[in-house]
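Asks: Starting from these lines, generate the structure:
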Amino acid sequence: MSWSQSTRTATTTRGGAWRNWAGNVTARPARTVSPRSVDELAAVIRRAAEDGLKVKAVGTGHSFTSAAATDGVLVRPDLLTGIRSVDRAAGTVTVEAGTPMKRMNAGLARAGLSLTNMGDIMEQTVAGATSTGTHGTGRDSASIAAQIRALELVTADGSLLRCSADENPEVFAAARIGLGALGVVTAITFAVEPVFLLTAREEPMSFDRVTAEFDEHFTENEHFEFYWFPHTGNCNTKRNNRSAGPAAPPGRVSGWIEDEFLSNGVFQAACSLGRAVPVTIPAIAKVSSRALSARTYTDIPYKVFTSPRRVRFVEMEYALPRAAAADALREVKAMVESSPLRVSFPVEVRTAPADDIALSTASGRESVYIAVHLYRGTPHQAYFTAVERIMTAHGGRPHWGKIHTRDAEYLAGVYPRFGEFTALRDRLDPDRLFANDYLRRVLGD
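Replies: Numbering: from 1, shown residues only. The predicted structure is shown next:
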């Protein structure tokens, strides 16, 4: 192998299959490369172009779509990790693209800092999470990508491009959620603030009550979300608000019972039984929906926002105008109740304020997110198709990293700045070095 001097230390393998976390997407790249530096990455990209191979970067594979799949060169950022710098005066942290969210959150906490908001898991890399629009829930604070203040990416010609609101602002407007279509992200600068405490209040609530009072709960809480258990009228709500303290985390035993034994261990067994014997699912749902009791605890942000998710599943999620939340949910409930479907996973509902990122699911509008899941290995097409029909009737925007069937024609109609993104793609990657089947479907040729 005749690599240049700058790439001899890169870890490279040939052949071998890649599979995502859920196991629903596989690919067989021609070679997989883990560069140790930006210079090595640039050389990898130039070499791929010379060899006529496409390039895709992948993190931990938590996307349910084939956004990162390729038969060309698969770039793994495993060696591009760590916190590069902290600027306390500016309130920012710069991290390498392959840094897991878990590692960044823990490092920030040790430094007395935190992101303002985050998603509900933290296994993803920072580049993977932001490139697909990962979000949590928030009345005023938005997705992880909306907290980006600057980023770096290597473009198709192998050059390093830096962007922010002041430097290459037209790239910054799009690249914060770039889908891997504009280049390979190498570093991200996030806004951070002094670490704070959140009090989480989890409480069972009926479907009718939570949908009737949805606007009230949204207005009164900094972070509100809930889960509805199909085949029941039961929900579990969670309200997270800043607290003056003191910290009062869940007890070791009670926390293990709620977050590991019930939410992972027992739920895994219930899902396995439901997949094997679908007729049992409604009865299991009634028991599951009553298993989690009300509780309140106070801790630092990443220990409240995130939780372990060990039960593997497939997922579809749509962002709707926030005003459509209750109507859409009632339609989903009515559809499930009038169909032969057996749904073992709760439906998750979250919110986000409008932001200014071209392909953000919350771009230009306050949004509600409705996510549906099924246990891995369970046929999902009928359920997801029926839900997707409801979501698109409300002008829904699919999460870029979760299963959907939308194409460029549909997406151009629900994203006012869609053409802005594709024009930038034409400029940065005219030969489509970073293309794959998924991007061709959602962005066009």
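Asks: Kindly format the C-alpha coordinates of the helix or strand where E317 lies as PDB.
Replies: Assigned by DSSP states H and E, E317 belongs to strand 313-321. Coordinates of each C-alpha in strand 313-321 appear next as PDB, following Å, rounded to 0.1, in the frame of the first residue of the first chain:
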ATOM      1  CA  PHE A 313     -35.000  -0.900  18.600                       C
ATOM      2  CA  VAL A 314     -35.700   0.900  15.300                       C
ATOM      3  CA  GLU A 315     -37.300   4.300  15.300                       C
ATOM      4  CA  MET A 316     -39.000   6.900  13.200                       C
ATOM      5  CA  GLU A 317     -39.500  10.500  14.400                       C
ATOM      6  CA  TYR A 318     -41.200  13.500  12.800                       C
ATOM      7  CA  ALA A 319     -41.100  17.200  13.800                       C
ATOM      8  CA  LEU A 320     -44.400  19.000  13.400                       C
ATOM      9  CA  PRO A 321     -45.500  22.600  14.100                       C
END
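Asks: could you point out which element follows it?
Replies: Per DSSP H and E, strand 313-321 leads on to helix 325-337 as the next helix or strand towards the C-terminus.
Asks: Quick one: mean pLDDT over that following helix.
Replies: For helix 325-337, mean pLDDT rounds to 98.
Asks: how much does it deviate in direction from strand 313-321?
Replies: 140 degrees (axes from the mean of the first three to the mean of the last three C-alpha atoms, to 10 degrees).
Asks: can you pull the buried residues of helix 325-337?
Replies: 325-326, 328-329, 331-333, 335-336 (16 or more other C-beta atoms under 10 Å). Where C-beta positions appear, they are placed from N, C-alpha and C, glycine not excepted.
Asks: List just the nearest of the residues you listed to K286.
Replies: V336 (14.0 Å; C-beta to C-beta).
Asks: thought the closest one was touching T232?
Replies: No. Contact criterion C-beta atoms under 8 Å: V336 and T232 do not qualify, at 10.3 Å.
Asks: Please, where are all the strands along the stretch 201-350 of the chain?
Replies: 223-228, 234-243, 295-299, 313-321, 347-352 (DSSP state E, counting those that start in this stretch).
Asks: okay, the buried residues of helix 325-337 in TSV with distance to I390 next?
Replies: Converted to TSV, the buried residues of helix 325-337 look like this (distance: C-beta to C-beta, whole Å):
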residue	distance to I390
A325	12
A326	13
A328	6
L329	9
E331	5
V332	6
K333	10
M335	7
V336	11
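Asks: right, and out of those, which lies closest to M122?
Replies: The closest of those, once distances to M122 are taken by C-beta to C-beta, is A325, at 26.0 Å.
Asks: Could you pull up the residues touching V154?
Replies: 38, 41-42, 45, 160-161, 183-184, 186 (C-beta atoms under 8 Å, 6 or more residues apart in numbering).
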